[in-house]
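Enquirer: sequence plus the predicted model coming up.
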Amino acid sequence: MRSAFDFSPLYRSTVGFDRLFDMLDQSTQVESMTNWPPYNIEKLGEDQYLITMAVAGFSPEEIELTQKEGQLLVIGQKKGSDESKQYLHRGIATRAFKQIFNLADHVKVTGASLENGLLTVELKREVPEALKPRRIEINSASGVKSLGQDNKSVQIEHGRAA
């Protein structure tokens with residue numbers, strides 16, 4: 001199914017924004033796989049995040065986590081076959097899944113665990129020191145270093161500063 005929006009004119013008039021338009025195009029597509037398995041994304045702190053996925057019935061060996069470039073790929077594939085079992089009602093979905101999370105720059109997976117049917121993936125943004133903003137010292141003409149405007153109050157007595 002194609003999206004309701006046609007991004008082809010934008011592809012022709014821009015350079016280097018292919019990934020952005022692909023993400024927009026993918027976000028407008030409705031597929032049954034995008035809703036499975038259900039998940040939450042939490043912000044734990046300024047630079048810490050947690051993805052929780054409901055993967056009941058899957059073991060750690062049946063789930064693969066891969067971080068490549070700006071994406072986290074989560075794939076679940078059941079091993080073995082249920083064809084030998086006869087179900088009267090089958091309400092627990094154990095179908096294969098593939099979920100892709102687009103990550104911001106410098107976001108890294110710091111840990112993952114599977115407990116009580118919930119897969120938790122811990123993420124942290126680690127901006128390199130060279131890319132962090134830093135304050136620049138300003139030298140005055142008299143050679144005295146300054147870090148900007150000094151807002152100290154000055155008490156004046158008998159016409160001169162104390």
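Expert: The structure has been received and is ready for your questions.
Enquirer: domains in this structure, by residue range?
Expert: The chain breaks down by automatic domain parsing into domains covering 1-30, 33-128.
Enquirer: rank those domains by pLDDT, which is bottom?
Expert: Here the domains of the chain differ in mean pLDDT, and the lowest is domain 1-30 at a mean of 58.
Enquirer: which ones are touching residue 105?
Expert: Counting by C-beta atoms under 8 Å, 6 or more residues apart in numbering, residue 105 touches residue 70. C-beta here means a position set from N, CA and C on the backbone, and glycine is covered the same way.
Enquirer: checking it next. Helix, strand or coil?
Expert: coil (DSSP: H, G, I helix; E, B strand; the rest coil).
Enquirer: ramachandran angles for it?
Expert: Phi and psi for residue 105, reported as degrees, to the nearest 10, are phi -60, psi 140.
Enquirer: burial check on residue 49, number of neighbours?
Expert: Residues contacting residue 49 under the criterion other C-beta atoms under 10 Å number 20.
Enquirer: what does whichever strand or helix holds it rub up against?
Expert: Taking DSSP states H and E as the criterion, residue 49 maps to strand 48-54. If you take C-beta under 8 Å, 6+ apart as the criterion, strand 48-54 is touched by 37-44, 72, 74, 99, 101, 107, 117-125.
Enquirer: and if we set it to 10 Å?
Expert: Strand 48-54 is contacted from outside by 36-44, 63, 72, 74, 76, 93, 97, 99, 101, 103-104, 107, 109-112, 114, 116-125, using C-beta atoms under 10 Å, 6 or more residues apart in numbering.
Enquirer: hmm, back to that, quick one, which of the domains of the chain is packed in tightest?
Expert: Neighbour counts (mean count of other C-beta atoms under 10 Å) averaged over each of the domains of the chain peak at domain 33-128, with a mean of 13.
Enquirer: which residues does stretch 67-75 contact?
Expert: 19, 23, 37, 39, 51, 53, 55, 62-66, 96-109, 112, 119, 121, 123.
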